[in-house]
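In: I need the structure of the sequence given here:
(one chain, ligands or ions: 1)
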Amino acid sequence: MINSKTKLIGIFGDPIEQTLSPAIQNAALTELGLDMVYMAFHVSPDVLKEAVEAVRAFDMAGANITIPHKESVIEFLDELSEDAQSIGAVNTIVNKGGRLIGHNTDGAGFLKSLTLETGLQVKGKNVVLLGAGGAARGIVSAILNAGATSLTIANRTFEKAQKLAADFKQMSDVEIKCAPIEKEPLLPYIQEADLLINSTSLGMGARVPFNTLVLSLDKLPKEAIVSDIVYKPLDTALLKSARREGLKVHKGLGMLIHQGAIGFELWTGHPGPINVMTKAALEALDIK
Ligand code: ATR
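Out: Residues are numbered from 1 along each chain as shown. Here you go, the predicted model:
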C-alpha cells in the first residue's frame, strides 16, 4: 500500500509507453515487500534537467534513463560509475543522499545473462558484434572487460563501427576490427567466431526483418553461440536460423532482466529476484 513513506523510483524516456521496466521492477519490489514504487515518466529532452532535479527534490531512490537521454543526462549528474564512464552513457541513476550517481548496467546485464544462460566464459573467445549503436557500446565494454581475445564490429554505417572501435581502443590490448554487414567481408570472422551477437534493431517487432542470409551461419564453428538482444519477438529469425544450424542460442530477454536486476540491487540493496522479474516481463509481453 502506498503511504507517506513510500519511496519512488522512476524511468525517464521519450517515448516511454513501450517500456517493460515498471512491470518488471514493481513485481520485484512487491516480491521483496519493499515500500517502494516504480513509475514511468514521459520526459521530453527540453525538461530532462528538471526531471533529474526532481530525483533530488522528491528524494527518490533513483531512476532509469532510456531513449533518447542516456548520453545527454550525464551533464546533470554528480558522479559516474566506471562502467558509465567507459560506455559514455547512463541507464541508471542512484540517489546517494542527494548526490546523483550515474551507472550503466546494460553491458553487465548482457554478460551476466549470457554466462548464466549459456555457460559461456568470454575470456579468450573471438566475438563478432553486429551493430554499433547505443546498445553495442555497453556490450563492447562488457566483452572487453571479460577478456575476449578478439572483437569484430560489423555495422551498416561503417564509420560508426570505426568510431566505436576508436572509443574503446584504450580499454584493452585487443585490436578491435571493423567490417561491413556483408557476406564475403564477414566470412573470415564468422569462421573463427565463438560468439556472434546481434545488437542492431533488425528483427524487432514489425520493423525490417533480419536477412540472415548475409551471415553464413553455417560457417560458424559448431560450438559457437548466437546471441540476439532483440526480445520482441522472444525467438527472433536470427535465433531460429542459428538453431536450425544446430547452434546454441542466447535470447534477448535475459539482458533486459539482468540490467534491471542490477539496478534493483543498486536502489534497494537486495539482489533482483530474476524469476519473478522474468515472469512479469513475459506477462507484460503477453507471453505466459
Ligand atoms: P540502440 O540504442 O538500440 O543500439 P541505435 O543507437 O539507434 O539503437 O542503434 C541501432 C543499430 O541498429 C545501429 O547499429 C544501426 O546501424 P547504423 O549505425 O548503420 O544506423 C542498426 N540498424 C538499424 N536499422 C538497420 C537496418 N535496416 N539495417 C542494418 N542495420 C540497422
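In: what comes up buried for the helix or strand containing residue 258?
Out: Taking DSSP states H and E as the definition, one finds residue 258 inside helix 253-268. The neighbour-count check on helix 253-268 (16 or more other CB atoms under 10 Å) flags 253-264, 266-268 as buried. The way it works is simple: take the backbone N, C-alpha and C, and place the C-beta from them, glycine included.
In: Can you pull the phi/psi pair for whichever residue of the chain sits closest to the ligand?
Out: Scanning the chain for the residue nearest the ligand gives residue 133, at 1.9 Å (criterion: CB to the nearest ligand atom). Dihedral pair for residue 133: phi -90, psi -160, per degrees, to the nearest 10.
In: what sits against it?
Out: Neighbouring residues of residue 133 by CB atoms under 8 Å, 6 or more residues apart in numbering: 160, 199-201.
In: go on, residue 261?
Out: If a contact means CB under 8 Å, 6+ apart, then residue 261 has 28, 109, 271-274, 277 as its contacts.
In: and the stretch 101-250 of the chain, which residues reach the ligand?
Out: Within the stretch 101-250 of the chain, the positions near the ligand by CB under 6 Å from any ligand atom are 131-136, 155-157, 160, 199-202, 208.
In: go with 8 Å
Out: Contacts of the stretch 101-250 of the chain with the ligand, taken as CB under 8 Å from any ligand atom, map to 130-137, 155-157, 160-161, 181, 199-202, 207-208, 229.
In: From the residues you listed, list the buried ones, please.
Out: For these, buried by 16+ other CB under 10 Å: 130-132, 134-137, 155, 160-161, 181, 199-200, 202, 229.
In: which residues of the chain score low on pLDDT?
Out: 206-207, 213, 288 (pLDDT under 70).
In: mind listing the helices for it?
Out: With helices called from DSSP state H, the chain shows them at 21-32, 48-57, 82-87, 106-118, 134-145, 158-167, 183-192, 237-244, 253-268, 274-284.
In: quick check: angle from the first one to helix 274-284?
Out: Our comparison of helix 21-32 with helix 274-284, counting by axes from the mean of the first three to the mean of the last three CA atoms, to 10 degrees, yields an angle of 140 degrees.
In: for helix 21-32, packing partners?
Out: Packing partners of helix 21-32 (3 or more CB pairs under 8 Å, 6 or more residues apart in numbering; DSSP states H and E): strand 7-13, strand 36-42, helix 253-268, helix 274-284.
In: Can you lay out these as a markdown table showing distance to the ligand?
Out: Shown next, in a markdown table, are the helices and strands packed on helix 21-32 (distance: least, CB to the nearest ligand atom, whole Å):
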| stretch | distance to the ligand |
| --- | --- |
| strand 7-13 | 12 |
| strand 36-42 | 18 |
| helix 253-268 | 11 |
| helix 274-284 | 17 |
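In: Save those as TSV, and put in distance to residue 67 too.
Out: Formatted as TSV, the helices and strands packed on helix 21-32 follow (distance: least, CB to CB, whole Å):
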stretch	distance to residue 67
strand 7-13	6
strand 36-42	12
helix 253-268	14
helix 274-284	18
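In: out of those, nearest to residue 65?
Out: Residue 65 lies closest to strand 7-13 among the helices and strands packed on helix 21-32, at 5.7 Å (CB to CB).
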